[in-house]
Every structure is written in C-alpha cells, then in structure tokens.
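> From the sequence below, what's the structure:
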Amino acid sequence: MTEALTSHPDLPVTDAPAGALPPAVTDVEAAVHAVADRARAASRRMARANRAWKDRGLRAVGAALLEHQDRVLAANAQDVAAGRANGTSAALLDRLTLTAARVQALAAALENLANLPDPVGNVVRGQTLPNGLRLRQVNVPMGVVAAIYEARPNVTVDIAGLALKSGNAVILRGGSAAAHTNAALVAILRDALESVGLPADAVQSVDEYGRAGAGVLMRARGRVDVLIPRGGRELIQTVVTNSSVPVIETGEGNVHIFLDASADEDMAVEILLNAKTQRPSVCNTVETLLVHSASTVLPAVAAALRGAGVTLHTDDRIRAALPADIESVPATDADWGTEYMDLDLAVAMVDSLDEAVQHIRTWSTGHTEAILTNDLANAERFIAEVDSAAVIVNASTRFTDGGELGLGAEVGISTQKLHARGPMGLTELTTTKWIVQGEGQVRA
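Residues are numbered from 1 along each chain as shown. Next up, the predicted model:
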C-alpha cells in the first residue's frame, strides 16, 4: 500500500516521520501558510458579503470564462497533449479535456448558482426558552476550504463558485496533469472577483508548490478549516490517512443497478445505456449490473450494451443465459470491486432481492445504487436496506450529481456519514452557530 501511495505524482511522499519536513520544504511550508493566511483574511470579507455582492461575483466569473474561452482552451490543449504523450488513459483524458461546450456549461452552472438562495444566515431551528432567551441556530460559512483533486479542471470552477456563494475562501491543489488549465482558470477567477470588489485571495492555488505544497496543505490545521479530496481511491485514501485538517471524504463510485424480475424491457435498456455510456469516465456511471434470474430482459439489455461498445464481464450464469452471438469475458472477483470508468460492465445473476442487496453490501463504495422494478414492495425494501449516499428507483445513476439534483453544482459526492453525504452543494459548505439573545438573564 505504501508503495502505491508514494508513487502518486500529485501527493507528498508519505514514508517520512510524522510531522517531519525535509529542509528544502521549509520554504514551501512558509509559502503555503502565507496562502492560507491570506485566504483567512479573504474569508472574513466573504463572510460579510451579502447575496447580491456574491452573485455579482459569480456572474462576473462566468462572463470572464466566456470572454477568455480561447485562452482556457489553449492552456487545456497543452495539458491534454502532455497527457496523451504520457500514456494517460482515455477515461482520465476525458476528465481532463475542456471543450467550448464544457466551458459554456461551467459558465451556465455559475449562473445557476447565482440564482439559488444564499444558505448563509438560514435559520435551521430556533425557539424562545421559558426564561426569555431567544435562540437561533443559523448556517454560517466554513471559512477556509481547501480541495485536492486531479486532472479535473472543471472542479476548479465548480468548487470556487460554490465556495464563493457560501461565503468561503478556497485554496486549490489541482494536480500536475491540469497545471496549465488550472493556472489560466485561477487567474481569470481572481481578476473577475477583483472587478466587482471581492477579494482575489478568496480563490488561490498552491499548484506551484507541487507535492510538497499538497503535504503542507494537509497539515495546515488551524489555518484551513476543511479539506476535500476529489479523485481516485489512491488520492482520497492518502489525504484521509495523512491529513491533520478535518477531511470530508468523497469516495469512488462502484455503482450498482439491480434489474428486478418485474422491470420493463424498454425502460431497462434506456436506463442501462444512459447509466453506462453517456459519460463512462465519471463516478456516477454504473459499474455492476445485477440481474434477477427470473428476468426476461437480459438479452435485450446485453445486446444494446454490446452495440454501444460495452465489454461485459459476466459470471457463469449470465454467460449461460446470453444468446450465443453476444460476446462477454469471464468475470473475476476483482471485477466486482472495480470502478472501471470506461466502457466495461460487470454482470452477475442473483436469485432474489436479498441476494442483490448482499452483493451490494459486500462490494459497494457507498456512492449510488439503483433498482429497476415495477414491484413497489421491492422498491421500498431496496430503499430501506441499501445504505449508500444515493438510492435510485427506476432512473439512471447519472442523476447523482449536484447540478442534476438542483444544487447548482457540487464540490464532490461524499460517501461518509458525518456532516455531509451525497452531492455536496452550497449548504454542505456551511456549518452552524448558535445565536443566543437575552435581556440580562443569568443561569441559576
């Protein structure tokens, strides 16, 4: 495990003594701490900004992205070319790549954020006690939010936009694979904020400090309020294991769909094609299909998936049930635990809902699971017994997404259970504080 973790190009070496920094890193430590201190000062200004001011900032950023689209795409082309030369997988190249349409979608997401209610100041609960004390628990910004992520330049804009709307400052570590793109985006974001009188230091990057900078960021407890890793298992586990800053864990997506015996064929085909092929490189794509042995729709589903270029990794019973002209490869135990992020799908046959739920409990990463069924009782049991961040009935797993669920965008999809779970939008980037107002009361 240590060898795998220390080989990651964007994370610090982890086999040094805890808390130790090589001499060459001490300057990096001072530099990253200075970034964090500027972010803290900016966060105090952001906490005072009203909704209109923050929304002006979001719209200014969106307009600047469109105005400087050619600059962003040129920088991205450098990163994509380097990725191809380095043998980056097709799935990661897809995540790395920005197009004119994707830049326009980022600008549209910022406009959506501007149109959403401001979570800051929202009253979670309140009451007046018998002694006359008036209590309110209200949402307030986290303060300084840091994010470590890889090869996903869209995350730069998504996280910055969410942090700004929720009154936070953000420190970004976007990884070497997207270095040129992220540098261009951060510069555009900072200029746009300054243009409307918001602090440029509300958005900063530590990319220039490399792996050492990521290590210092993870240990900046007291300067950084919360750290969000977003990427593959290796990155996430390294951050969770080595960070002294509180971490909200976003997990990988080993996503399941259970095809119940009662499921409609046309619906099953359409949903499976969407869930697997619309954008296979993302975490809400289905990776395992569980088929009830009494279902009659397997041939149609398998034929549609194969027609779309999906490689089926099947168990013995599925292979025996498939028509001879539908190709598949034998599944191994490793397939049930794999997040392919590509046009591959593991397929197993089960004899009951109980068996499907047990398979999911064994292999799930707690991200998203779905059931396709016309049996209401089975749907309700599936909802009650499957413990994942999102449970879906008769719809594509691709809907586990902040934008699709009306959150405007997302920082990531949390698979933990503390504070935030599922797509993390504006409210998930706030905490709460108690406001107690009295008229001279003292405790007896």
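
> Kindly format the C-alpha coordinates of stretch 264-282 as CSV.
Only the C-alpha atoms of stretch 264-282 are listed here, as CSV (Å, rounded to 0.1, in the frame of the first residue of the first chain):
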residue,chain,number,x,y,z
ASP,A,264,-39.8,-3.2,-18.0
GLU,A,265,-37.6,-4.1,-21.0
ASP,A,266,-37.7,-0.7,-22.8
MET,A,267,-37.0,1.2,-19.6
ALA,A,268,-34.2,-1.1,-18.6
VAL,A,269,-32.5,-0.8,-22.0
GLU,A,270,-32.7,3.0,-22.0
ILE,A,271,-31.6,3.4,-18.4
LEU,A,272,-28.7,1.0,-18.7
LEU,A,273,-27.4,2.6,-21.8
ASN,A,274,-27.6,6.1,-20.2
ALA,A,275,-26.0,4.9,-16.9
LYS,A,276,-23.1,3.2,-18.6
THR,A,277,-22.4,5.0,-21.9
GLN,A,278,-23.4,8.7,-21.6
ARG,A,279,-20.1,9.6,-19.9
PRO,A,280,-18.3,6.4,-18.6
SER,A,281,-15.4,8.2,-17.0
VAL,A,282,-17.4,9.8,-14.1
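
> got a list of contacts for it?
With contacts defined as C-beta atoms under 8 Å, 6 or more residues apart in numbering, stretch 264-282 is touched by 90-92, 94-95, 253, 255, 257, 259, 285-286, 289, 296-297, 300-301, 304-305, 308-310, 340-343, 345, 370, 372, 374, 394-398. Quick note: C-beta positions are derived from backbone N, CA and C, even for glycine.

> Which of these are buried? Put it as a ChimeraX command.
Filtering the contacts of stretch 264-282 down to the buried ones (16 or more other C-beta atoms under 10 Å) takes a single ChimeraX command:
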select :91,92,94,95,253,255,257,259,285,286,289,297,301,304,305,310,340,341,342,343,345,370,372,394,396,397,398
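
> Show me the contacts of stretch 264-282 that map onto helices.
Here DSSP state H is the test, and the contacts of stretch 264-282 give 90-92, 94-95, 300-301, 304-305 as lying in helices.

> Same list (those residues) but as TSV, adding distance to residue 162.
Converted to TSV, the ones in helices among the contacts of stretch 264-282 look like this (distance: C-beta to C-beta, whole Å):
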residue	distance to residue 162
90	29
91	25
92	23
94	23
95	19
300	41
301	37
304	36
305	35
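
> possible to save these as a markdown table with distance to residue 151 and pLDDT?
Output for these, formatted as a markdown table (distance: C-beta to C-beta, whole Å; pLDDT from 0 to 100):
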| residue | distance to residue 151 | pLDDT |
| --- | --- | --- |
| 90 | 12 | 84 |
| 91 | 10 | 77 |
| 92 | 5 | 83 |
| 94 | 10 | 88 |
| 95 | 5 | 86 |
| 300 | 36 | 97 |
| 301 | 32 | 98 |
| 304 | 30 | 97 |
| 305 | 27 | 98 |
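
> Pick out the most distant pair among these.
Greatest spatial distance among the ones in helices among the contacts of stretch 264-282 (C-beta to C-beta): 92 and 300, at 32.1 Å.

> dump the residue contacts of the spatially closest residue to residue 429 that is not a sequence neighbour.
Nearest non-adjacent residue to residue 429, counting by C-beta to C-beta, 6 or more residues apart in numbering: residue 166, 4.1 Å away. Residues in contact with residue 166 (C-beta under 8 Å, 6+ apart) are 119-120, 141-142, 426-427, 429-430.

> try it again with 10 Å
Contacts for residue 166 (C-beta atoms under 10 Å, 6 or more residues apart in numbering) come out as 46-47, 54, 113, 118-120, 139-142, 145, 411, 425-430.

> Repeat that for residue 207.
Contacts of residue 207 (C-beta under 10 Å, 6+ apart): 10, 156, 172-176, 178-179, 182-183, 186, 213-214.

> So which of the residues you listed is the closest to residue 71?
residue 183 (10.6 Å).

> Report the separation between the closest residue to residue 327 other than its chain neighbours and residue 315.
With sequence-adjacent residues excluded and distances taken as C-beta to C-beta, 6+ apart, residue 327 is closest to residue 306, at 6.6 Å. Note on residue 306: its distance to residue 315, by C-beta to C-beta, to the nearest Å, is 17 Å.

> Reduced to three states, what does the nearest residue to residue 206 once chain neighbours are set aside come out as?
Of all residues beyond its chain neighbours, the one nearest residue 206 is residue 213 (4.2 Å), with distances taken as C-beta to C-beta, 6+ apart. The three-state assignment at residue 213 reads helix, by DSSP: H, G, I helix; E, B strand; the rest coil.

> What's the local residue count around residue 213?
Residue 213 has 24 neighbours, counted by other C-beta atoms under 10 Å.

> cool, and residue 351?
Residue 351, neighbours per other C-beta under 10 Å, totals 12.

> thinking it is in contact with residue 294, fair?
Yes. If you go by C-beta atoms under 10 Å, residue 351 and residue 294 touch, sitting 8.2 Å apart.

> Now the common contact residues for the two.
In contact with both residue 351 and residue 294: residue 261, using C-beta under 10 Å, 6+ apart.

> can you dump the C-alpha coordinates of stretch 243-262 into CSV?
C-alpha atoms of stretch 243-262 as CSV (Å, rounded to 0.1, in the frame of the first residue of the first chain):
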residue,chain,number,x,y,z
SER,A,243,-4.3,15.0,6.8
SER,A,244,-4.5,16.7,10.2
VAL,A,245,-7.0,19.1,8.7
PRO,A,246,-10.6,17.8,9.0
VAL,A,247,-11.5,15.9,5.8
ILE,A,248,-14.8,15.4,4.1
GLU,A,249,-14.2,12.2,2.2
THR,A,250,-15.5,11.9,-1.4
GLY,A,251,-15.5,8.3,-2.4
GLU,A,252,-15.1,6.3,-5.6
GLY,A,253,-18.2,5.1,-7.4
ASN,A,254,-18.5,1.3,-7.6
VAL,A,255,-22.1,1.9,-8.6
HIS,A,256,-24.7,-0.9,-9.0
ILE,A,257,-28.0,-1.4,-10.8
PHE,A,258,-30.3,-4.3,-9.8
LEU,A,259,-32.6,-5.4,-12.6
ASP,A,260,-35.6,-6.9,-10.8
ALA,A,261,-37.7,-9.6,-12.4
SER,A,262,-40.6,-7.2,-12.9
